[in-house]
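Q: Sequence plus the predicted model coming up.
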Amino acid sequence: MPGVGDVHVTVIAKAPVPGRVKSRLCPPCSFEQAAEIAAAALADTFDALDTVRHHVNGVAVERYLLLDGEPQPWMPSHFAPVPQRGDGLGERLRNGFADLGAGAIVGMETPHVAHHLDRALDWLAADTDVLGPAEDGGYWMIGLGPSALHALDDVFREVPMSAPDTGEVQLRRLRQLGRPVHLLPAARDLDTIDDLRAVVLMDNPGRLGAVAATTLGSLPAGGHEAGR
């Protein structure tokens, strides 16, 4: 088994620019409101990942922002920005691990479960891959141990992204490659108005819950009929 080397926790995100993020919220949300929601989710994710330990087995845990777009002044400087490379999400994940090495890549919209990455670091250090399923069939994070990097082309090949069976196919692919995989708790993504309403019901501290409540309160009838 490979020894412990550098490891990272990385947020993969689009820069929260109106018209480029959370388009499934529009309508009933405006592009500006959707961008505010995305920015709040990303800011809360940064905060959540700051609670994850900064060392594992004496090795520093590096922090990165795998970004589609330009860095914005409010983004924390200790999350070093790295540009996304590739056309689809699978290719961008593959290239992200190629650029950054073994570690975990997490989405920008599930800050309420990001603390589970603290335990995931132990599995990654033991060369066990980690997958965090999403309730919509995808996954909110994926972590690859050191030896998985030798099969990066196979890890994501023909795994459908943004599909109802994305997580299932990804898990099966890792196991077909002989990879040990530890599953983290499932989480709900933030894509639709129903998802935004669920964020408010969670009543979690942070920016996202407050922005979600304000946004829903500004919509006609809370946006109940639109965006389904």
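A: The structure has been received and is ready for your questions.

Q: In the protein, mark out all the helices, start to finish.
A: 31-50, 89-100, 117-125, 152-156, 166-176, 193-202, 207-218 (DSSP state H).

Q: nearest to Pro133, of those helices?
A: When those are compared by C-beta to C-beta, helix 166-176 sits nearest Pro133, at 4.6 Å. Any C-beta I mention is one placed from the backbone N, CA and C, and that applies to glycine too.

Q: Show me how far that closest one is from its chain's centre.
A: Centroid separation for helix 166-176 versus its chain: 17 Å, with C-alpha atoms, centre = their mean, to the nearest Å.

Q: ok, now stretch 178-193?
A: 9 Å.

Q: Endpoint to endpoint, that stretch covers what distance?
A: End-to-end distance for stretch 178-193, by C-alpha to C-alpha, to the nearest Å: 39 Å.

Q: which residues does Ile23 contact?
A: For residue 23 the amino acid is Ser, not Ile. Phe31, Ala34 (C-beta atoms under 8 Å, 6 or more residues apart in numbering).

Q: Tell me which residue is most central in this structure.
A: Gly107 (1.0 Å; C-alpha atoms, centre = their mean).

Q: helices or strands next to the strand ranked longest in the chain in the packing?
A: Counting residues, the longest strand found in the chain (DSSP state E) is strand 59-68. Of the remaining helices and strands, those touching strand 59-68 by 3 or more C-beta pairs under 8 Å, 6 or more residues apart in numbering; DSSP states H and E are strand 7-14, strand 80-83, helix 89-100, strand 103-106.

Q: What average pLDDT does that strand get?
A: Average pLDDT, strand 59-68: 95.

Q: How about stretch 124-132?
A: 95.

Q: quick revisit: select, out of the helices of the chain, the one closest to Gly143.
A: helix 117-125 (5.1 Å).

Q: still on that earlier bit, go through the helices of the chain and pick out the most buried.
A: helix 31-50 (a mean of 21; mean count of other C-beta atoms under 10 Å).

Q: which secondary structure elements does that helix contact?
A: strand 7-14, helix 207-218.

Q: Ala98 reaches Leu152, doesn't it?
A: Yes. Between Ala98 and Leu152 there is a contact under C-beta atoms under 8 Å: 5.8 Å.

Q: residues contacting the residue lying closest to Ala34 once chain neighbours are set aside?
A: Computed as C-beta to C-beta, 6 or more residues apart in numbering, the closest residue to Ala34 that is not its neighbour in sequence is Lys22, at 3.9 Å. Applying C-beta under 8 Å, 6+ apart, we find Lys22 in contact with Cys29, Ala34, Ala35, Ile37, Ala38, Leu190, Asp191.
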